[in-house]
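Enquirer: with the sequence up front, the predicted model follows.
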Amino acid sequence: MITPTEITAALTSLKAAKDVAQAMVTLRDHEAFQSKLFEFQSKIIDAQNAVLAANDERTGLITHINDLEKQLADMQAWEIEKGKYELKNLTQGSNGQPSIFVYSYKERAEPPEPSHYICANCYQNRKKSILQTEPRNPGRCDVLICHECLGEMYLHGQWMPEHAGRKRKKGGSY
């Protein structure tokens with residue numbers, strides 16, 4: 001891996017070589033040395049371009065490494081966060097309704113938080129989306145809403161035609 005110091009040293013050396021070649025031209029046959037000088041300068045420019053390309057590649061690799069380190073840190077943070085939850089079946093498939101699975105905050109998790117549920121779908125996608133309750137037709141339906149994936153789970157009651165189009169947009173309101 002080429003360091004910035006090495007690149008600077010290479011460029012300085014190449015410039016010095018160019019200066020020496022120019023001094024040589026004045027000592028001998030001007031036309032013969034002039035053609036060699038152009039060739040020499042071309043080689044120096046090629047070397048400089050190679051050093052710059054290597055530096056660009058190095059910069060790209062550093063950026064890629066930083067991105068990978070961030071992804072790893074995010075994955076490690078999620079592993080810690082997901083350990084605070086356990087899968088729970090809220091309805092046990094009662095009253096002919098399908099089972100509703102959520103992730104429930106463990107009582108002894110650290111740091112302590114109020115008891116809550118997070119969306120099982122979002123959990124599988126490494127997201128923590130706290131489910132919110134919403135009464136519909138008050139007294140008849142209680143629905144858990146995920147504001148991230150827009151999932152709706154009926155805890156009590158069932159979907160009715162007047163609920164059509166009531167799915168929330170990401171961010172909250174209807």
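Expert: It's in. Numbers count the residues shown, from 1 in each chain.
Enquirer: only C-alpha atoms for contact and neighbour calcs from this point on.
Expert: Fine.
Enquirer: which stretches in the protein count as strands?
Expert: 85-89, 101-105, 117-119, 132-136, 141-145, 152-156 (DSSP state E).
Enquirer: please name every helix or strand in contact with the third one.
Expert: If I follow you right, that is strand 117-119. Applying 3 or more Cα pairs under 8 Å, 6 or more residues apart in numbering; DSSP states H and E, one finds that strand 117-119 makes contact with strand 101-105.
Enquirer: need the winner for burial among the strands of the chain.
Expert: strand 117-119 (a mean of 25; mean count of other Cα atoms under 10 Å).
Enquirer: dump the strands of the chain to a markdown table, plus distance to residue 31 and mean pLDDT.
Expert: Conversion of the strands of the chain to a markdown table gives the following (distance: least, Cα to Cα, whole Å; pLDDT from 0 to 100):
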| stretch | distance to residue 31 | mean pLDDT |
| --- | --- | --- |
| strand 85-89 | 82 | 91 |
| strand 101-105 | 83 | 91 |
| strand 117-119 | 80 | 94 |
| strand 132-136 | 85 | 84 |
| strand 141-145 | 84 | 86 |
| strand 152-156 | 85 | 81 |
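Enquirer: now these in TSV, with distance to residue 35?
Expert: Supplementary listing: the strands of the chain in TSV, determined by distance: least, Cα to Cα, whole Å:
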stretch	distance to residue 35
strand 85-89	76
strand 101-105	77
strand 117-119	74
strand 132-136	80
strand 141-145	78
strand 152-156	79
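Enquirer: any idea which of these gets closest to residue 38?
Expert: Closest approach to residue 38 among those is made by strand 117-119 (69.5 Å; Cα to Cα).
Enquirer: got the contact list for that closest one?
Expert: Outside strand 117-119, the residues that touch it by Cα atoms under 8 Å, 6 or more residues apart in numbering are 102-105, 128-131, 146.
Enquirer: check contacts around residue 130.
Expert: 116-119, 146.
Enquirer: for this structure, which spans come out with low pLDDT?
Expert: 1-6, 9, 16, 20-29, 32, 92-97, 158-174 (pLDDT under 70).
Enquirer: one more time with 80
Expert: Within the chain, the stretches with pLDDT under 80 are 1-37, 39, 91-98, 109-110, 136-140, 156-174.
Enquirer: so where do the helices sit in it?
Expert: 4-25, 30-82, 120-124 (DSSP state H).
Enquirer: single out the most deeply packed of these.
Expert: helix 120-124 (a mean of 17).
Enquirer: coming back round to it: pick the one among the contacts of residue 130 closest to residue 88.
Expert: Using Cα to Cα, the contacts of residue 130 come closest to residue 88 at residue 117, 9.1 Å.
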